[in-house]
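Participant: Quick check, what structure comes out for this input:
(chains A and B, ligands or ions: 1)
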Amino acid sequence: MGASAFTQRAHDALADPNLKTAIDRTTGTAETKRAAAVGAFPEFQAARARGAAIKDHVIANLDHYLVEFERNAQAAGAHVHWARDKAEAAEIVTRICKDADAKLVTRAKSMLGEEIGLPHALDDAGIERVETDLAEHIIQLAHERPSHIIWPAMHRTREDVATLFFKDHHPPPDADDPASMVASARRILREKFMSADVGISGANFLIADTGATCTVTNEGNAELSTTPPRVHIVTAGIEKLVPSTDHAMALLRLLVRSATGGEVTQYTTFHSGPKRPGDADGPEEMHIVLVDNGRSRMVGDEFRQMLRCIRCGACMNHCVVYRQIGGHAYGGTYPGPMGAVLTPVLDGLAQSRDLPHACTMNGRCEEVCPVQIPLKTLLKAWRVRSWDSQQEVGPLRMGLGLWGFAARRPRLYHFGTRLALPVMRLFGKGGWIRRMPFAGGWTDTRDLPKPAARSFMSQHANHGNEGPK
Amino acid sequence: MTKPRVGLFVTCLVDAMRPQIGWATLRLLERAGCNVEVPRAQTCCGQPAGNSGDKRGAEKLARQVIEAFEGYDYLVGPSGSCVGQIRSYPTLFSDQGWRSRAEGLSRKSFEILGFLNDVMGWKPEGVRLDATATYHDSCSGLRELGVQEQPRALLEGVEGLQMRPLDGANVCCGFGGTFCVKYPEISTAIVSEKAANIVDTGADLLLAGDLGCLMNMAGRLHREGAATRCFHTAEVLAGMADGPAIGEEG
Ligand code: SF4
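Facilitator: All right, here's what the predicted structure looks like:
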């Protein structure tokens, strides 16, 4: 097997000791805090079940709630746009910006924006883009993509950030003082907040019965990037719908505890239409771009439950693979277990067939998922599709084919084991095999215990339940 | 009360790599008051195929296991991972007849430690092992079958054995079946972290309930030169941990 692009990226990630430190710092803290928050919330399991049920209900009645949301959002004065795929979504947003004659656009962190390639689309359209989330600001300076859906710059250590700021901030902040670095970013970003023409944000919830969008952040940047500009654009996946504010609150409790271990986010904002006569502030125009990009197809296939995802990041924080290789190695917009399910939907399985396979199936992700998404089952479903569409490599298919052939013929199998074990033992020295042909995947880094001289079944055939003396 | 008839599912890994775990399981079942039989028509539970996406291959092996074991009161095996696969057989079949047979077997399939504790209410008596040990929760047993307190409760009954807590005991060791050879670099990074935690406990022994994970951890520990000795929990409970550990010459 040649190294795939994924294995190559994973290799590079593993070779970077700073990355591991950064990942452990962020995900380790998140894990501890989540455990404490969940421990202090005795109804957590019931809340998970309710969260899953709310999402399932919406997914089963998506058309109904989409229509209701559109009606109410329009009644509040917002323009609602529909985008079938990411190209269409990015196109709609850039067109709105151009129509508004926008020179400067502020963007609040949104993974959907990343999914539809918005940063690039804006850059290509020659519109100055300012990322208002501190982490996104760092990503922008480094010309990177987010490596985590909650902490996009978590792969960057403080020292990295100091270097970036030193180059781009004038005057440069004190690299040894985090407070000075944050203050510097705040100063630079504030200037932009106030002079932006358009503010673009995502949404955590789309509330059908009021037509409002709801955004939660910890920095308050979403408010600043969406209120002062003349035009506010919200981009959101259609799975973000909830029937009412109550339902949004039920999910919010799960989201915050699972993401950061807090009880509530610092800022929870509802946007309902543009500025009305008599409002102190607010945009003159509000646009909501509802993005499908593969979602309506998921409603009808085996990945339907993935639409429950509220993007809390708990699955990646608890994933042994993510914690070794970080987010960029996954190669898609979304990393970790949820990304391994979603990326094949968004980018195609041929591009990403490694992702559902690079998983030990240990199940910790689905154990922590606040909306009970059976991630393991969904990853397995991709493996089945990959197998059925002949994307698994020849040697593996052949090996498994041979194994299956023998395993379905117990006599042949037991006879074969009897012959194979002594051969394998020839490679052993003491009790261990340090090297064996075709076993490099194991023996390059691990010793292999030497197998038994005689199999259990063969011993049992001779001695019965008494066993050998 | 009549003795339950138990079909011992040896698992392909135990069969070839460490038959002693099979014998330990058999002894424990007998001591707990079961009539144990070892059906000849068993090989593998089909997990390698199932985990590789070869659903039909997995289904064929599932039929074989169902046919060989559905006549027993229980199927018991020394692996949470294989028993987890057997419990999931119903999802492989669309045919109603096979599906209900699969459900029947699924309901009566148990991993040995959970079975001894929960079904048979058995406790070790007169088992002695003077050593310190730490315990790793294998993922399938832990999350698919809820095996967590049972092995700890059973080990508490072993005289002379001192248990030491393992940091991240419920975190995967990086084995993952074919994962460990498909993505050896990632797997190695994971198991190295696990090995460091194990060494940090300072325990003489590492115990777990799945031979796949044990071979992975033992193999890494040994390559790193650690002195930790590795046994399946069933071997300890059956009083068979006085001999060679995994990878030691008998
Ligand atoms: S899959 Fe579950 S745990 Fe992962 S981000 Fe989505 S909601 Fe959170």
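Participant: Quick check: bridge partners of residue A:214?
Facilitator: Residue A:214 forms beta bridges with residue A:205, residue A:270, as assigned by DSSP bridges.
Participant: Could you verify my assumption that it touches residue A:201?
Facilitator: No - contact criterion CB atoms under 8 Å: residue A:214 and residue A:201 do not qualify, at 10.6 Å. From N, CA and C alone the C-beta is placed, and that goes for glycine too.
Participant: out of those two, which sits in the busier spot?
Facilitator: residue A:201 (27 against 24; other CB atoms under 10 Å in any protein chain shown).
Participant: nearest spatial neighbour of residue A:34, skipping sequence neighbours?
Facilitator: Closest residue in space to residue A:34, ignoring its immediate chain neighbours: residue A:261 at 4.5 Å, by CB to CB, 6 or more residues apart in numbering or on different chains.
Participant: Would you agree that neighbour falls within a strand?
Facilitator: No - applying DSSP: H, G, I helix; E, B strand; the rest coil, one finds residue A:261 to be coil, outside a strand.
Participant: Please tell me how far it sits from chain B.
Facilitator: 18 Å (CB to the nearest CB, to the nearest Å).
Participant: residues contacting that residue?
Facilitator: Residue A:261 makes contacts with A:30, A:32-37, as judged by CB atoms under 8 Å, 6 or more residues apart in numbering or on different chains.
Participant: cool, residue B:241 as well?
Facilitator: Per CB under 8 Å, 6+ apart, neighbours of residue B:241: B:129, B:131, B:205, B:231, B:235.
Participant: so what's the second one up against?
Facilitator: Contacts here follow CB under 8 Å, 6+ apart; on that basis residue B:131 touches B:160-162, B:203-205, B:241.
Participant: Looking at these, which one is closest to residue A:293?
Facilitator: residue B:203 (50.9 Å; CB to CB).
Participant: Quick check: closest non-adjacent residue to the residue in chain B positioned nearest to the ligand.
Facilitator: When distances are taken as CB to the nearest ligand atom, chain B reaches nearest to the ligand at residue B:143, 14.8 Å away. Spatially, and ignoring its direct neighbours in sequence, residue B:143 is nearest to residue A:363 (4.1 Å; CB to CB, 6+ apart).
Participant: distance of that neighbour from the ligand?
Facilitator: Using CB to the nearest ligand atom, to the nearest Å, residue A:363 is found at 12 Å from the ligand.
Participant: Go ahead and confirm that residue touches residue B:139.
Facilitator: Yes - counting by CB under 8 Å, residue B:139 is a contact partner of residue A:363 at 5.9 Å.
Participant: buried residues in stretch B:133-149?
Facilitator: Neighbour counts over stretch B:133-149 (16 or more other CB atoms under 10 Å in any protein chain shown) mark B:133-145, B:147-148 as buried.
Participant: Can you pick out the most distant pair from those residues?
Facilitator: Across the buried residues of stretch B:133-149, the longest distance by CB to CB is 24.1 Å; it joins B:133 and B:144.
Participant: Report pLDDT for residue A:223.
Facilitator: Listed pLDDT for residue A:223 reads 69.
Participant: Quick check: residue A:321 vs residue A:6, distance?
Facilitator: According to CB to CB, to the nearest Å, residue A:321 and residue A:6 sit 11 Å apart.
Participant: just residue B:12 next, same as before
Facilitator: In terms of CB to CB, residue B:12 sits 29 Å off from residue A:6.
Participant: If you count surrounding residues, which of these two has more?
Facilitator: Using other CB under 10 Å as the criterion, residue B:12 and residue A:6 rank with residue B:12 on top: 23 against 20.
Participant: nearest residue to that one other than its sequence neighbours?
Facilitator: Per CB to CB, 6+ apart, closest to residue B:12 is residue B:44, 4.2 Å.
Participant: any idea whether the one you found is helix, strand or coil?
Facilitator: What three-state DSSP gives for residue B:44 is coil.
Participant: And the contacts of the longest helix seen in chain B?
Facilitator: Criterion DSSP state H: the longest helix present in chain B is helix B:184-201. By CB under 8 Å, 6+ apart, the surrounding residues in contact with helix B:184-201 are A:7, A:10-11, A:14, A:320-321, A:324-325, A:358, A:360, A:440-442, A:444-446, B:134, B:136, B:164-168, B:171-176, B:179-181, B:206, B:216-217, B:220-221, B:224, B:226, B:228.
Participant: pLDDT weak spots in chain B?
Facilitator: B:1 (pLDDT under 70).
Participant: what's around residue 77, how many residues?
Facilitator: Because you didn't say which chain, this covers chain A. Around residue A:77 there are 15 residues (other CB under 10 Å).
Participant: try chain B instead
Facilitator: 26.
Participant: Skipping adjacent residues, who's closest to residue 4 in space?
Facilitator: Since no chain was named, I'll use chain A. residue A:354 (5.4 Å).
Participant: Chain B, not that one
Facilitator: residue B:73 (4.3 Å).
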